[in-house]
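S.K.: all I have is the shape, not the residue letters:
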């Protein structure tokens with residue numbers, strides 16, 4: 001496109017808005033609806049809680065292993081094509097789940113087909129889109145894209161549809177939302193250069209090799225190998241996995257647990273919204289706390305607060321008590337990822353940060369995949385969530401112990417990394 005054909009107004013903020021919409025529909029409608037759907041779906045399709053919990057575990061698995069595939073697709077095809085394919089998969093998957101006569105078919109539709117679509121539409125493409133358009137203010141742009149608004153709005157909306165029209169109708173509504181999204185995704189522009197514009201703060205349009213390539217370590221395999229050989233790295237990510245498993249258990253089992261404790265379904269779904277709202281606040285609050293006291297101490301503090309709040313969940317039997325506990329749980333859940341990212345950035349420096357975080361996401365899959373089914377299996381065998389929650393409390397305390405008492409030094413950086421002398425806190 002010639003410069004005379006280029007849009008007069010910078011389109012980056014429009015891309016942020018489209019990325020925010022795509023990411024929120026993908027993540028919000030998937031994770032925000034599952035906790036509400038699990039009980040009626042399991043009852044009608046004769047699935048145990050452990051089996052039903054596989055729904056969210058399969059989605060987490062697909063999202064965890066899809067990064068390299070999505071990176072290749074985004075390099076070869078326009079972002080709008082990848083995101084449109086994701087929206088189509090989500091629409092088809094939810095529609096199939098809505099017509100399911102067995103839990104196997106439901107799992108195929110909701111978790112496998114829609115789960116693959118969630119990965120192709122959600123965090124990685126949307127974040128990549130924002131980063132392509134912004135050099136200056138990139139943190140703001142990426143933060144806005146990943147603001148989890150719909151995960152707070154979806155549970156009560158889905159609960160209302162389920163109570164009024166049934167869970168199948170709710171899934172059909174979700175499928176329709178992604179069909180409506182498709183025309184908007186055609187407005188997505190992968191890079192500013194594609195329309196003759198420049199990334200905000202990026203200087204001239206890039207038509208030759210730039211210094212940006214120098215930011216990528218020349219031998220990433222050596223960086224990965226050094227990380228895998230580091231006991232500090234393994235301990236840090238395993239403790240982070242113990243922290244993150246709580247959020248997965250909460251998404252899958254909070255509504256069934258609350259209703260078992262006598263909370264009406266609509267009110268129990270609202271608890272997921274409380275968790276979602278305060279997770280947004282927690283990302284900001286604990287990010288500030290990490291700047292003040294250090295990322296390692298912040299993660300330890302998060303583990304202690306989570307253990308205390310989850311202990312309260314075991315005793316809670318009133319809606320107001322649940323709300324108060326979910327304020328703390330939500331804030332800690334929202335703050336854990338920024339704090340862990342800060343820990344890795346301080347320990348390994350910017351050159352190795354992407355490798356450290358990407359590998360950690362993959363290696364934490366056993367926690368994110370197994371947490372919900374394990375809690376469901378414990379419920380099936382014991383008839384109560386109490387033991388499952390006690391296991392989760394032990395996980396939080398173990399993570400806090402690791403961060404506060406064991407790992408008090410930063411590690412030596414990988415041999416291929418270029419560090420900047422930042423401490424891990």
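M.R.: Looks like it arrived, so ask away. Predicted model only: the values in this text are computed from it and were never measured.
S.K.: can you tell me what sits against stretch 106-117?
M.R.: Contacts of stretch 106-117 with the rest of the structure, by C-beta atoms under 8 Å, 6 or more residues apart in numbering, involve 26, 30, 34, 41, 45, 54-56, 58-59, 62-63, 66, 85-98, 100, 171, 178. Backbone N, C-alpha and C define where each C-beta goes, glycine included.
S.K.: which among those residues end up buried?
M.R.: Among the contacts of stretch 106-117, the ones that count as buried by 16 or more other C-beta atoms under 10 Å are 26, 30, 34, 41, 45, 54-56, 58-59, 62-63, 66, 85-98, 100, 171, 178.
S.K.: tell me the domain ranges of the protein?
M.R.: Here the domain assignment for the chain is 9-192, 219-409, based on automatic domain parsing.
S.K.: now those in JSON lines, with mean pLDDT and distance to residue 201?
M.R.: Listed next are the domains of the chain as JSON lines, based on pLDDT from 0 to 100; distance: least, C-beta to C-beta, whole Å:
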{"stretch": "domain 9-192", "mean pLDDT": "87", "distance to residue 201": "3"}
{"stretch": "domain 219-409", "mean pLDDT": "83", "distance to residue 201": "17"}
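S.K.: and of those domains, who's closest to residue 199?
M.R.: domain 9-192 (5.1 Å; C-beta to C-beta).
S.K.: now do the end-to-end distance for that closest one.
M.R.: End-to-end distance for domain 9-192: 11 Å, by C-alpha to C-alpha, to the nearest Å.
S.K.: in stretch 121-138, what's buried?
M.R.: In stretch 121-138, counting by 16+ other C-beta under 10 Å, buried: 121-134, 137-138.
S.K.: the residues you listed: which two are farthest apart?
M.R.: 121 and 137 (24.2 Å).
S.K.: quick one: residue 233 and residue 344, what's the gap?
M.R.: Distance, residue 233 to residue 344, by C-beta to C-beta, to the nearest Å: 8 Å.
S.K.: what's the answer for residue 41, then?
M.R.: Going from residue 41 to residue 344 by C-beta to C-beta gives 37 Å.
S.K.: roughly how far does residue 262 sit from residue 315?
M.R.: 13 Å.
S.K.: ditto for residue 93
M.R.: Residue 93 is 38 Å from residue 315, by C-beta to C-beta.
S.K.: check residue 81 too.
M.R.: 51 Å.
S.K.: and the two? which has more neighbours close in?
M.R.: Higher neighbour count among residue 81 and residue 315: residue 81, with 17 against 10, using other C-beta atoms under 10 Å.
S.K.: any idea which element that one lies in?
M.R.: If you go by DSSP states H and E, residue 81 is part of helix 79-98.
S.K.: over to residue 188?
M.R.: Using DSSP H and E, residue 188 falls outside every helix and strand.
S.K.: what sits against the spatially closest residue to it that is not a sequence neighbour?
M.R.: Of all residues not flanking residue 188 in the chain, residue 80 sits nearest, at 3.9 Å (C-beta to C-beta, 6 or more residues apart in numbering). By C-beta under 8 Å, 6+ apart, the contact list for residue 80 reads 185-190.
S.K.: same question for residue 339.
M.R.: Counted by C-beta under 8 Å, 6+ apart, residue 339 has contacts 286-287, 289-290, 295, 298-299, 302.
S.K.: restricted to helices, list those residues.
M.R.: Mapping these onto helices (DSSP state H) picks out 286-287, 289-290, 295, 298-299, 302.
S.K.: got TSV for these, with neighbour count and distance to residue 334 too?
M.R.: Listed next are these as TSV, based on neighbours: other C-beta atoms under 10 Å; distance: C-beta to C-beta, whole Å:
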residue	neighbour count	distance to residue 334
286	26	7
287	19	9
289	19	12
290	25	13
295	27	15
298	26	12
299	29	13
302	29	10
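S.K.: turn these into a markdown table, columns for distance to residue 113.
M.R.: Listed next are the ones in helices among the contacts of residue 339 as a markdown table, based on distance: C-beta to C-beta, whole Å:
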| residue | distance to residue 113 |
| --- | --- |
| 286 | 35 |
| 287 | 35 |
| 289 | 40 |
| 290 | 38 |
| 295 | 38 |
| 298 | 38 |
| 299 | 35 |
| 302 | 34 |
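S.K.: where exactly do the helices run in the stretch 251-400 of the chain?
M.R.: Applying DSSP state H, counting those that start in this stretch to the stretch 251-400 of the chain gives helices spanning 265-293, 295-315, 319-363, 365-382, 386-401.
S.K.: and for the last one, what are the contacting residues?
M.R.: So that's helix 386-401. Taking C-beta under 8 Å, 6+ apart as the rule, helix 386-401 contacts 239-240, 242-243, 245-246, 249, 253, 299-304, 306-307, 310-311, 313-314, 374-375, 378-379, 382.
S.K.: may I have the phi/psi pair for residue 109?
M.R.: phi -70, psi -60 (degrees, to the nearest 10).
S.K.: quick one: contacts for the nearest residue to residue 133 once chain neighbours are set aside?
M.R.: Excluding the flanking residues, the one nearest residue 133 by C-beta to C-beta, 6+ apart is residue 12, at 3.7 Å. Contact analysis of residue 12 by C-beta under 8 Å, 6+ apart lists 133-134, 141, 192, 197, 199-200.
S.K.: rerun that using 6 Å as the cut-off
M.R.: 133-134, 200 (C-beta atoms under 6 Å, 6 or more residues apart in numbering).
S.K.: just residue 159 next, same as before
M.R.: Per C-beta under 6 Å, 6+ apart, neighbours of residue 159: 36, 265-266, 269.
S.K.: before we move on, the earlier item: please compute how far the helix holding residue 81 lies from its chain's middle.
M.R.: 18 Å (C-alpha atoms, centre = their mean, to the nearest Å).
S.K.: what of stretch 321-328?
M.R.: Distance, centroid of stretch 321-328 to centroid of chain: 21 Å (C-alpha atoms, centre = their mean).
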